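Engineer: Give me the fold of what follows.
(one chain, ligands or ions: 2)
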Amino acid sequence: MTIGWHFDNTYSKLSSTFKEDIKPTPVHDPELVILNEKLAEDLKLDFSKINKKELAKLFSGNSLPDGSNTIAQAYAGHQFGHFTMLGDGRAVLIGEHLVNKNFRFDIQFKGSGRTSFSRNGDGRAVLGPMLREYIISEAINSLKIPTTRSLAVVKTGEKVVRENLLPGAILTRVASSHIRVGTFQYIAAKQNIDDLKILMNYTIDRHYPEIKTSKNKALDLLNLVMEKQCQLVINWMRVGFIHGVMNTDNMAISGETIDYGPCAFMDHYDPKTVFSSIDSHGRYSFANQPPITKWNLARFAECLIPLIDKDQDEAIKIATETINNFEKIYEVKWLNMMRDKLGLFGEDKNDKILIKDLLNWMEKNKADYTNTFCNLMNIKTSNNEIYNNKDYINWTNKWQKRILLNNSSKDKSLKLMKSSNPVVIPRNHKVEEALKEANENNLEVMNKLLSILTKSYENQKNIEDFQSPSNTKEYQTFCGT
Ligand code: AMP
Ligand code: MG
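Structural biologist: Ligands and ions are numbered 1, 2, ... in the order given. Okay, the predicted model is just below:
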């Protein structure tokens, strides 16, 4: 009965500064809720011959696979701007699974019990939020945005104390690694340059081997991570995703979306949109995501200062110049991304004004972000009356004129739009509906939602209900659940 695990655990071989060796705390009565068979297949793992009871034991950590080597990783983080030493307080990395020699994935249990980094937490997670992470991370993946994935969720058979007693759960998270900006902050705070070099070289080996032999590895790493994280936030802006808690411990060096807590998708276009219950100043609002990405990258750059140049002043100068390129890089990428959404080829000096005019119209008229682009692609969704608006029609006339400058066919333009604009996103009310049913042991609604969300760019039949904006005006999301 071979599943196909191929563990090669490199992070656990680092010194004790980087992690704590610890096993998941066994749970009382695990039960499998969902297994991502498609992802398992991509990972070359075969669970088909394992019965549900064994699967529950496996994905709860009650019985660990051969070759695993469980650790909790140390990291720090700026949480809403305040620096804290953190670490996996409710997660353990069970190992690194090799799909082949070029594809290495962390397999991590989230909600697996207390560690030395737990502070006052119970080390546990609740079923609803773990299924929510499962749904949204799979949707983000289908939107072709780099992300951690979700392999399985089990119920633990134990109650977890939150505002009341809730069913406990463990999520199996798959990531190209869990190295965060905060991992560098933790090691930098310890002020041991050898450890910092070890982390830098480890990260380069794992994610950016192309700079292994470069002259200034720290500077090249900074530039590459900046490029990756900039591209990530561009993708979020493209689909209206609001991460909600962009603390430096939740920013992966790989450029994957990580830590699905208070995230949600924006319905009507409003740059100030915030869903997180604790984000009262809008630090992580939709429009603030790019400047916060830059802010987080500046914290990353600070960690690398001792490795950029022996002369500290020189290192600071170089790092500052590098980080200050962010806006320029972002602006170019953003314009191109918006051109793609509108099916525009080439560049015209009025493109930016054209784009801003559409966004302003959407904001003023509370038009749905996703559905407006669907309307431009001639895909009918809900509430189409809004598109009879005179200003909107005037705008589309200008847009049509710009399309004529494309020097390309209408088909190609539409194709570009269809690969940039989702037809369906996880609408808040639909996600809530699925979670409510799942809490009552009915997975049908969630499976139906997943089957639609995993085809996010396809014009599917009978999905109007999944395309309508949420009525949940004051929709709120939560951290650490
Ligand atoms: P998050 O808000 O999920 O990014 O978590 C921030 C930090 O709090 C991380 O170090 C987590 O491991 C830790 N944490 C969150 N929830 C718990 C919990 N229930 N028990 C222990 N640690 C937790
Ligand atoms: Mg986190």
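Engineer: contacts and neighbour counts: CA atoms only from here.
Structural biologist: Noted.
Engineer: which element follows the strand or helix carrying residue 322 toward the C-terminus?
Structural biologist: Assigned by DSSP states H and E, residue 322 belongs to helix 312-323. Next along the chain after helix 312-323, taking DSSP H and E as the criterion, comes helix 326-341.
Engineer: Next SSE downstream of that next one?
Structural biologist: The helix or strand immediately downstream of helix 326-341 is helix 351-365, counting by DSSP H and E.
Engineer: Show me what that next one is packed against.
Structural biologist: helix 326-341, helix 390-404 (3 or more CA pairs under 8 Å, 6 or more residues apart in numbering; DSSP states H and E).
Engineer: Now do the following helix or strand past it against helix 326-341, angle only.
Structural biologist: Later in the chain than helix 351-365, the nearest helix or strand by DSSP H and E is helix 369-376. Helix 369-376 and helix 326-341 are oriented at 40 degrees to each other (axes from the mean of the first three to the mean of the last three CA atoms, to 10 degrees).
Engineer: any idea how far helix 369-376 is from the chain center?
Structural biologist: Computed by CA atoms, centre = their mean, to the nearest Å, the separation of helix 369-376 from the middle of its chain amounts to 23 Å.
Engineer: Now do it: which elements does it pack against?
Structural biologist: If you count contacts as 3+ CA pairs under 8 Å, 6+ apart, helix 369-376 packs onto no helix or strand.
Engineer: pLDDT score for the closest residue to residue 457 other than its chain neighbours?
Structural biologist: Excluding its sequence neighbours, the residue lying closest to residue 457 (CA to CA, 6 or more residues apart in numbering) is residue 422, at 4.7 Å. With respect to pLDDT, residue 422 has a value of 98.
Engineer: for residue 327, same thing?
Structural biologist: On pLDDT, residue 327 comes in at 98.
Engineer: And the average pLDDT for stretch 136-155 is what?
Structural biologist: On average, stretch 136-155 scores 98.
Engineer: go on, stretch 217-228?
Structural biologist: Stretch 217-228 shows a mean pLDDT of 98.
Engineer: buried residues in it?
Structural biologist: 217, 218, 219, 220, 221, 222, 223, 224, 225, 226, 228 (16 or more other CA atoms under 10 Å).
Engineer: can you point me to the longest strand in the chain?
Structural biologist: Longest among the strand segments of the chain by residue count, using DSSP state E, is strand 149-161.
Engineer: So which bits of the stretch 201-350 of the chain are right by ligand 1?
Structural biologist: Residues of the stretch 201-350 of the chain lying near ligand 1 by CA under 6 Å from any ligand atom: residue 250.
Engineer: Would you state the strands of the stretch 201-350 of the chain in chain order?
Structural biologist: Along the stretch 201-350 of the chain, counting by DSSP state E, counting those that start in this stretch, strands occupy 241-242, 264-265.
Engineer: Serialize those strands to a markdown table and add fields for distance to residue 98, mean pLDDT and mean neighbour count.
Structural biologist: Shown next, in a markdown table, are the strands of the stretch 201-350 of the chain (distance: least, CA to CA, whole Å; pLDDT from 0 to 100; neighbours: other CA atoms under 10 Å):
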| stretch | distance to residue 98 | mean pLDDT | mean neighbour count |
| --- | --- | --- | --- |
| strand 241-242 | 30 | 98 | 22 |
| strand 264-265 | 32 | 98 | 24 |
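Engineer: Outside of the helix holding residue 322 itself, list whatever touches it.
Structural biologist: Helix 312-323 is contacted from outside by 219, 223, 226, 294, 297, 298, 301, 302, 305, 306, 308, 309, using CA atoms under 8 Å, 6 or more residues apart in numbering.
Engineer: Equivalent analysis for stretch 100-113, please.
Structural biologist: Stretch 100-113 is contacted from outside by 24-26, 59-61, 89-99, 122-126, 169-178, using CA under 8 Å, 6+ apart.
Engineer: could you redo the last one with a cut-off of 6 Å?
Structural biologist: Residues outside stretch 100-113 that contact it (CA atoms under 6 Å, 6 or more residues apart in numbering): 24-25, 90-98, 123-125, 170-177.
Engineer: swap in stretch 452-468?
Structural biologist: 139, 142, 381, 382, 422, 423, 424.
Engineer: Next, the distance between the ends of that stretch.
Structural biologist: By CA to CA, to the nearest Å, the extent of stretch 452-468 from end to end equals 14 Å.
Engineer: Stretch 158-166 too?
Structural biologist: With CA to CA applied, stretch 158-166 spans 8 Å between its terminal residues.
Engineer: any idea which residue of the protein is furthest from its center?
Structural biologist: Going by CA atoms, centre = their mean, the residue of the chain most distant from its centre is residue 390, 37.7 Å out.
Engineer: how close does that residue get to ligand 1?
Structural biologist: Remark: distance between residue 390 and ligand 1 (CA to the nearest ligand atom, to the nearest Å) = 45 Å.
Engineer: Span of stretch 25-45 from start to end?
Structural biologist: OK, stretch 25-45 end separation, CA to CA: 24 Å.
Engineer: State the separation between it and the centre of the chain it belongs to.
Structural biologist: Distance, centroid of stretch 25-45 to centroid of chain: 20 Å (CA atoms, centre = their mean).
Engineer: circling back to that earlier point, for the helices and strands packed on helix 351-365, which one sits closest to residue 153?
Structural biologist: When those are compared by CA to CA, helix 326-341 sits nearest residue 153, at 34.5 Å.
Engineer: For that closest one, name the packing helices and strands.
Structural biologist: helix 410-420 (3 or more CA pairs under 6 Å, 6 or more residues apart in numbering; DSSP states H and E).
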